[in-house]
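Peer 1: The following block contains a protein sequence and its predicted model.
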Amino acid sequence: MIRILLADSSVTGRRLLLDLFSADPAIATVGEAGDGNSLVAMTKRLRPDVVVMDIDGPGMNGFDTTKRIMIEAPTPIVIVSSAPSERQVELSILALRAGALTVLPRPPEPVSAAEREQRQRFAATVKAMAEVKVVRHWGTRDTAPRARATAEVRPQRHSRVVAIAASTGGPAALQTLLGQLPTEFPAPILVVQHIAGGFIAGFTTWLNTVCSLRVKVAEAEETLEPRTVYVAPDNRHLGLLPNWTVLLSAAPPLGGFRPSATFLFQSVAQAAGRAVTAIILTGMGRDGVDGLSFVRERGGFVIAQDEATSVVFGMPAAAIAANQVDAILPLPAIAPQLLDMV
């Protein structure tokens, strides 16, 4: 039984979540908190498996609350958002940086089949987050020693473009990876990050503050430039055209995702062949795995984040199980590997 502690300042939103959780026999809601202080106190007292909370409301600052929980009673945290304002986006990104695991769109009323599927996906994600082992944050900069690769990897190829996919745990992983790359990193980088709608612009702005590369939301048909990170916009697939310009597509979702990592990997492989390095980072599910086969068939190189440094070892594990990976590396070893390949 997954024990959930809920904090939602919206009466309607709270009712929707309570109805959703009560319909799942594997979930028990052990408490409801009305403000940030109560949520921290109840988390320490009840020790839930996961905290589900909105980001901003009366007496609720999701960033400060997340920081306190991760210091005083480390617990997996899922942020719920609907129609995010600029302030909510900012607080959510800060909460992710402080230790929250993911931001999910508020589940809708179960009217249509598609909406029922969204609710099922929401519940499945919350249950998966309950299994994540979180660590205490001490309120200071992380000084943990960097993990090292278990073996030296020296592929005999030159990468001209990098494609990265991430889901749950991705914002923090991308901060680490991109933050290690120097300003003069010569290859353009294309990124698909699964995140709630309305958050990509804020996420991109935040990444610009934590790494030395230029980070932007990708625009259709712009020419790729070195030292630049292109992030897939909301509700569009991201890819690469043979003339080295950005492809944005409204094609149907792949595996339930748009943007899709599979679309990204397949597209860059078709456009750049051996010159591609594809990286699959922490995340639930298997998005991207089918696209990696195109990368390897065309001579590209594939890196998967290892289990020890993944928040959720889903996407990397699926890629490894499908035998579509050339190197399995701890997160801090991926950037040095890239520097050896460009």
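Peer 2: Thanks, I have the structure now.

Peer 1: Which helix runs longest in this structure?
Peer 2: Using DSSP state H to define each element, the chain has its longest helix at helix 113-129.

Peer 1: tell me which residues in that helix are buried?
Peer 2: Within helix 113-129, the residues that count as buried by 16 or more other CB atoms under 10 Å are Q118, R119, R121, F122, A123, T125, V126, K127, A128, M129. For glycine as for every other residue, the C-beta is placed from the backbone atoms N, C-alpha and C.

Peer 1: List just the nearest of the residues you listed to A7.
Peer 2: Ranked by distance to A7 (CB to CB), those are led by V126 at 13.5 Å.

Peer 1: List the residues that contact the closest one.
Peer 2: Contacts of V126 were listed using CB atoms under 8 Å, 6 or more residues apart in numbering, and they are I2, I4, I27, V50, V52, V78, L104.

Peer 1: Would you map the strands across the stretch 201-342 of the chain?
Peer 2: Secondary structure of the stretch 201-342 of the chain (DSSP state E, counting those that start in this stretch): strands at 214-217, 228-231, 237-240, 246-249, 276-280, 301-305, 327-329.

Peer 1: Deepest-packed of those, please.
Peer 2: strand 276-280 (a mean of 30; mean count of other CB atoms under 10 Å).

Peer 1: which residues are in contact with it?
Peer 2: Counting by CB under 8 Å, 6+ apart, 159-166, 177, 187, 261, 265, 268-269, 288-289, 291-292, 295, 298, 300-305, 315-316, 319, 325, 334, 338, 341 sit against strand 276-280.

Peer 1: Strand 301-305 and that one, what's the angle between them?
Peer 2: Inter-element angle recorded for strand 276-280 and strand 301-305: 20 degrees (by axes from the mean of the first three to the mean of the last three CA atoms, to 10 degrees).

Peer 1: Run the chain-centre distance for strand 276-280.
Peer 2: On the basis of CA atoms, centre = their mean, to the nearest Å, strand 276-280 sits 16 Å off its chain's mean C-alpha point.

Peer 1: that older thread, would you turn the strands of the stretch 201-342 of the chain into CSV with distance to V40 and mean pLDDT?
Peer 2: Shown next, in CSV, are the strands of the stretch 201-342 of the chain (distance: least, CB to CB, whole Å; pLDDT from 0 to 100):
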stretch, distance to V40, mean pLDDT
strand 214-217, 33, 98
strand 228-231, 33, 98
strand 237-240, 38, 98
strand 246-249, 42, 98
strand 276-280, 35, 98
strand 301-305, 31, 97
strand 327-329, 36, 97
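
Peer 1: Among the ones you listed, which comes closest to D19?
Peer 2: Of all the strands of the stretch 201-342 of the chain, strand 237-240 sits nearest to D19, with 33.2 Å by CB to CB.

Peer 1: could I have that closest one exported to PDB, CA atoms only?
Peer 2: Output of strand 237-240 as PDB, limited to C-alpha atoms (Å, rounded to 0.1, in the frame of the first residue of the first chain):
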ATOM      1  CA  HIS A 237       8.400  16.800 -31.500                       C
ATOM      2  CA  LEU A 238      12.000  18.000 -31.800                       C
ATOM      3  CA  GLY A 239      14.300  16.800 -34.600                       C
ATOM      4  CA  LEU A 240      17.000  17.700 -37.100                       C
END
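
Peer 1: Report the strands that pair with that strand, each with its relative direction.
Peer 2: In the sheet, strand 237-240 lines up against strand 246-249 (antiparallel) (DSSP bridges).

Peer 1: Tell me the spacing between the closest residue in space to T309 that isn't next to it in sequence and I77.
Peer 2: Excluding the flanking residues, the one nearest T309 by CB to CB, 6 or more residues apart in numbering is L331, at 4.1 Å. According to CB to CB, to the nearest Å, L331 stands 20 Å off from I77.

Peer 1: So between the two, which is more surrounded?
Peer 2: I77 (28 against 22; other CB atoms under 10 Å).

Peer 1: for that one, what are its contacts?
Peer 2: V50, V51, V52, M53, T66, I69, M70, A95, G99, A100, L101.

Peer 1: Apart from its neighbours in sequence, what residue is nearest it?
Peer 2: Distance criterion CB to CB, 6+ apart; nearest residue to I77, sequence neighbours excluded, is A100 at 4.2 Å.

Peer 1: cool, and D64?
Peer 2: Nearest to D64 is G36, by CB to CB, 6+ apart, at 6.4 Å.

Peer 1: And the nearest residue to T228 once chain neighbours are set aside, how far from T245?
Peer 2: Using CB to CB, 6+ apart and skipping the chain neighbours, the partner closest in space to T228 is R214 (4.7 Å). Distance from R214 to T245, counting by CB to CB: 17 Å.

Peer 1: now L174
Peer 2: L174 is 23 Å from T245, by CB to CB.

Peer 1: and if you look at T176?
Peer 2: 29 Å.

Peer 1: Those two: which is more packed in?
Peer 2: Using other CB under 10 Å as the criterion, T176 and T245 rank with T176 on top: 19 against 14.
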